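Participant: could you work out the structure for the sequence below:
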Amino acid sequence: MEAHTLSPTTESILKRCPRFRILLVGKSGVGKSSLINHAFNMDIATVSHKEHGVCDINKPIISPQNPRFVLHDSQGFEPSEIANLGKVKSFVESRGAGVDLKDVFTPFGEHPIIICDNCWNRKCRLCAQIPFAGGRVFETGDEEFLKFAKQVPIVVVFTQFDKLVCRMEENLTDEEMDMSEEDINKLCLQKANAEFEKSCLEPLRNLKFTPGLEYAKTSVNDGLVEHQVEGDVWIVSAMAQRASAQAKIDSSIQVGMKQYWQSLASSTELVGWTLKECLTTLHRDIAFSWNFNDPKELLIGNDFQNQVMTLAQLVTPDTSELRSWFPNLDQIQRVMGMAAPFVPAPAIAAIGLSAMFIKWITGVYRKTPEVLRCLMGYIVDLTLVMDQLFLNTLPLKPPRLLTAEQIDAALEDYKNSEAVQVHRAIREYVNQATFTEILRANNAQQKVIELIKQHRAKDA
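Facilitator: Purely as a prediction, here's the structure:
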């Protein structure tokens, strides 16, 4: 057995694919920068290599605000810019089969190219603007590039759908304007979808050389990353994006299920390691999956890990041993779910780590109800705190630099909302009477996933 701690699963994933790489294609003004800034929580203007509107497709744009994301920008295909098409094609071909995964774009299902066309796309993504005055949705260069879909997966992203909805409202009749606000919103959305079908999808479908081409429409506040790629590349794409908490949770689950979440009650991966080492590895995997803008590494520091352990310790001992584990039990009954809801719960800092728990986690992993409750509690508590932190910071403008105060607030929000219910559910699931059956079924990880999904931040 090696002397150092367990290696996080994310370590091997990021060694193979350290960044999610995107090639962005689309003419000026279609919303490319807004899309990237919102989706990846970075200010593209501060790290771009543009000079006088000219982009060098070969120069990667990497921001210290989001180390999991790398962008290559193309000028797009203006009406008179056919020459740029050859540069883009050559660039994509140079990143195809036989190239190391970290340098690939979309070698048939890996990193995407975005083609922006004022409504939106993934994989090889072309951004195209929804035409607002009967204009042409695709320029000649766009159409030529879309022929490339036979070799590289392309998704057309139609941007600024929200502006189309607003235009529908501007053109409502006096009679329609007399309707309720709810009915007006529904009518405008209905009209916008009909116009989108006519102005964007029909021209796309009329391109006979690209049958079944993927597309999406988006507004500035819509999420970006979904399951458009698979495997480790999708996990890194979910790490890189900072617009969807659901994608973060899904990637945390996928990372966990690759290794350490499997068979929590009778794990072969954790045998021989101390519980402190097990918790540290689980912690780092989850923290890395969320990829906050955290240059001070607050989320993988000892202070935050101790705060999460302060929560997880509460569900660890058998109820008959609570008094011996927590001499201050009378003061923490509210957070243990043992006092009336109106009794104020102490702050996490006031609860502190029990001396018994600190000693207990120096022991090695064993097949016991206490160990299983601790691991389940830690995984669920940490994931839901990260979810709450994401929700709390999402409304802030990029680059949303993480602070200790934000972390403390998320911990308290979770403690005061879902923690008691989560711990009660874990205790009901894991006790001396049920533990033998849990070992036999060997599916405690499914209960972990169920609790995460059930107790997510309600506004996420």
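Participant: tell me which element Asn416 is part of?
Facilitator: Per DSSP states H and E: Asn416 is located in helix 404-417.
Participant: do Met309 as well
Facilitator: For Met309, the secondary-structure element it belongs to, assigned by DSSP H and E, is helix 302-312.
Participant: just want the angle from the helix holding Asn416 to helix 302-312.
Facilitator: For helix 404-417 against helix 302-312, the angle between stretch directions is 0 degrees (axes from the mean of the first three to the mean of the last three C-alpha atoms, to 10 degrees).
Participant: check which helices and strands helix 404-417 is in contact with.
Facilitator: Secondary-structure packing of helix 404-417 (3 or more C-beta pairs under 8 Å, 6 or more residues apart in numbering; DSSP states H and E): helix 302-312, helix 348-351, helix 369-393. Bear in mind the C-beta positions are built from the backbone N, C-alpha and C, glycine included.
Participant: try it again with 6 Å
Facilitator: helix 369-393 (3 or more C-beta pairs under 6 Å, 6 or more residues apart in numbering; DSSP states H and E).
Participant: contact partners of the helix holding Asn416?
Facilitator: Residues from elsewhere that reach helix 404-417, judged by C-beta atoms under 6 Å, 6 or more residues apart in numbering: 298, 307, 348, 384-385, 388-389, 392-393.
Participant: quick check: mean pLDDT of the helix holding Met309?
Facilitator: Along helix 302-312, the predicted local confidence has a mean pLDDT of 98.
Participant: returning to what we had before: C-terminal to the helix holding Asn416, what's the next element?
Facilitator: Moving toward the C-terminus from helix 404-417, the first helix or strand encountered (DSSP H and E) is helix 419-429.
Participant: show me what counts as buried in the next helix or strand after that following helix.
Facilitator: Going down the chain from helix 419-429, the next helix or strand is helix 435-441, by DSSP H and E. By neighbour count on 16 or more other C-beta atoms under 10 Å, the buried set for helix 435-441 is 435, 438.
Participant: again with stretch 176-185
Facilitator: For stretch 176-185, a neighbour-count test (16+ other C-beta under 10 Å) marks Ile184 as buried.
Participant: pLDDT below threshold where in the stretch 301-450 of the chain?
Facilitator: Confidence mapping of the stretch 301-450 of the chain against pLDDT under 70 gives the ranges 340-342.
Participant: ok, now with 90
Facilitator: Low-confidence segments of the stretch 301-450 of the chain, defined by pLDDT under 90, are located at 331, 333-334, 336-345, 397-399.
Participant: those strands in the chain, which residues are they?
Facilitator: Assigned strands in the chain, in chain order: 20-25, 61-62, 69-73, 113-117, 124-129, 154-159, 214-217 (criterion: DSSP state E).
Participant: just name the most buried of those strands.
Facilitator: Of all the strands of the chain, strand 113-117 carries the top mean neighbour count, a mean of 32, counting by mean count of other C-beta atoms under 10 Å.
Participant: about what we covered before: which strands and helices sit next to the helix holding Met309?
Facilitator: By contact count (3+ C-beta pairs under 6 Å, 6+ apart), the secondary structure elements abutting helix 302-312 are helix 348-351, helix 369-393.
Participant: could those go into JSON lines alongside distance to Ser94 and mean neighbour count?
Facilitator: As requested, the helices and strands packed on helix 302-312 are exported to JSON lines (distance: least, C-beta to C-beta, whole Å; neighbours: other C-beta atoms under 10 Å):
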{"stretch": "helix 348-351", "distance to Ser94": "52", "mean neighbour count": "16"}
{"stretch": "helix 369-393", "distance to Ser94": "36", "mean neighbour count": "24"}
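Participant: which among those helices is found nearest to Leu311?
Facilitator: Leu311 lies closest, by C-beta to C-beta, to one member of the helices and strands packed on helix 302-312: helix 369-393, at 4.6 Å.
Participant: what does the closest one contact?
Facilitator: Residues from elsewhere that reach helix 369-393 (C-beta under 6 Å, 6+ apart): 245, 252, 264-265, 279, 282, 286, 290, 308, 311-312, 315-316, 400, 406, 410-411, 413-414, 422, 426, 430, 435, 448, 451-452, 455-457, 459-460.
Participant: narrow those residues to those that are buried.
Facilitator: 245, 252, 264-265, 279, 282, 286, 290, 308, 311-312, 315-316, 400, 406, 410-411, 413-414, 422, 426, 430, 435, 448, 451-452, 455-457.
Participant: which residue sits closest to Ala350, ignoring its sequence neighbours?
Facilitator: For Ala350, the nearest residue in space outside its immediate sequence neighbours is Gln331; the separation is 7.8 Å by C-beta to C-beta, 6 or more residues apart in numbering.
Participant: before we move on, what about Ile253?
Facilitator: Nearest non-adjacent residue to Ile253, counting by C-beta to C-beta, 6+ apart: Ile449, 5.8 Å away.
Participant: ok, back up a step: distance of the residue nearest to Ala350 from Leu322?
Facilitator: Here the criterion is C-beta to C-beta, to the nearest Å. By it, Gln331 lies 13 Å from Leu322.
Participant: likewise Ala243?
Facilitator: Counting by C-beta to C-beta, the gap between Ala243 and Leu322 amounts to 42 Å.
Participant: same question for Gln241.
Facilitator: Taking C-beta to C-beta, one finds Gln241 at 42 Å from Leu322.
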